[in-house]
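Peer 1: prediction below, plus the sequence it came from.
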Amino acid sequence: MGRATAEQFATEGADVGMCARSEPELRAAAESIRSHGVRVVATPAELADAEQTRIAVERTVAGLGRLDALVVNAGGPPRASFTELDDEKWEAAHQLTFMSAVHLVRAALPALRQSDAPAIVFIASTSVKQPINGLTLSNSIRGAVSGLAKTLSNELAPHIRVNSLLPGAIRTDRQIEIAQAAGVTDLDAYFANVGKGNPLGRIGEPDEIARVAVFLCSPAASFVTGVTLAVDGGQIQSVV
């Protein structure tokens, strides 16, 4: 979803700063995005590390001259039930999912405050509103990220808009890892079955998340802040 969002920003003509843990994959993604005719600053970084995060943001601002939008997106913690988790796994998930968001926002705020139309979008999960079986860590910690986002939408107003996306089942490497960890061997059949769980009858694609993320960062969403928006094919059935 992160790569798809970067691609979508580039399609709209925006320069892009991006980071990831895997340098080869990051380099390949950056080259693809540059084909849209935009500038790209790609920095290998572990977002659970505050110093690496700071360097990645500073390199982006130095290379592009400004920062108008921040998309906070980190891979989710591993699949596990409560009884399978020790303190070390809880702490690692906290650093990966929650503190990475804290580090990114903290590093980006000085540049965002210089923008004339800044926005932050957190990409979370439907587990914020509806727990997913087997994802105890994600169900627990992503709720804290959602609370952070809502709090920031108040604290950073009126200058910086802050919103959250809650993707449902999306065809990503993360979903494939979850399926394989659960013993799935026929991924096509698995995804078709998962898709039956929402009114649209299918799983989503990464670009369907990307388009909504870019919209929320754009002037077209200038009066939208503090929203937690599910992009899930209607999977969540609650009315609030």
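Peer 2: Yes, it's here.

Peer 1: use CA for all of it now, contacts and neighbours both
Peer 2: OK.

Peer 1: which secondary element of the protein has the worst mean pLDDT?
Peer 2: Counting by mean pLDDT, DSSP states H and E, the chain has its least confident helix or strand at helix 173-181, which shows a mean of 81.

Peer 1: longest helix of this protein?
Peer 2: Selection of the longest helix in the chain by residue count, based on DSSP state H, yields helix 136-155.

Peer 1: next secondary structure after that helix?
Peer 2: Next in sequence after helix 136-155, counting helices and strands by DSSP states H and E, comes strand 161-167.

Peer 1: partners of that next one, with directions?
Peer 2: Strand pairing for strand 161-167, using DSSP bridges, gives strand 119-123 (parallel), strand 228-231 (parallel).

Peer 1: looking at the ones you listed, which one is packed in the most?
Peer 2: Between the strands paired with strand 161-167, strand 119-123 has the highest mean count of neighbours, a mean of 25, where neighbours are mean count of other C-alpha atoms under 10 Å.

Peer 1: quick one: the spatially most central residue of the chain from Gly2, how far?
Peer 2: Here the mean C-alpha position of the chain is nearest to the C-alpha of Asn73 (C-alpha atoms, centre = their mean), at a distance of 2.6 Å. For Asn73, the distance to Gly2 under the criterion C-alpha to C-alpha, to the nearest Å works out to 6 Å.

Peer 1: now Ile160
Peer 2: Between Ile160 and Gly2 the computed distance is 21 Å (C-alpha to C-alpha).

Peer 1: where exactly do the strands run in this protein?
Peer 2: 16-20, 40-44, 69-72, 119-123, 161-167, 228-231 (DSSP state E).

Peer 1: can you tell me the average pLDDT over the longest one?
Peer 2: This predicted structure assigns strand 161-167 an average pLDDT of 97.

Peer 1: show residues contacting that strand.
Peer 2: If you take C-alpha atoms under 8 Å, 6 or more residues apart in numbering as the criterion, strand 161-167 is touched by 118-128, 146, 149-150, 152-153, 156, 209, 213, 216, 222, 224-232.

Peer 1: angle of it against helix 136-155?
Peer 2: Angle, strand 161-167 to helix 136-155, by axes from the mean of the first three to the mean of the last three C-alpha atoms, to 10 degrees: 160 degrees.

Peer 1: Ala69 reaches Gln114, doesn't it?
Peer 2: No. The pair Ala69 and Gln114 does not pass the contact test of C-alpha atoms under 8 Å, sitting 11.4 Å apart.

Peer 1: tell me which of those two has more neighbours.
Peer 2: Ala69 (24 against 13; other C-alpha atoms under 10 Å).

Peer 1: tell me the bridge partners for that one.
Peer 2: On DSSP bridges, the residues paired with Ala69 through beta bridges are Ala119.
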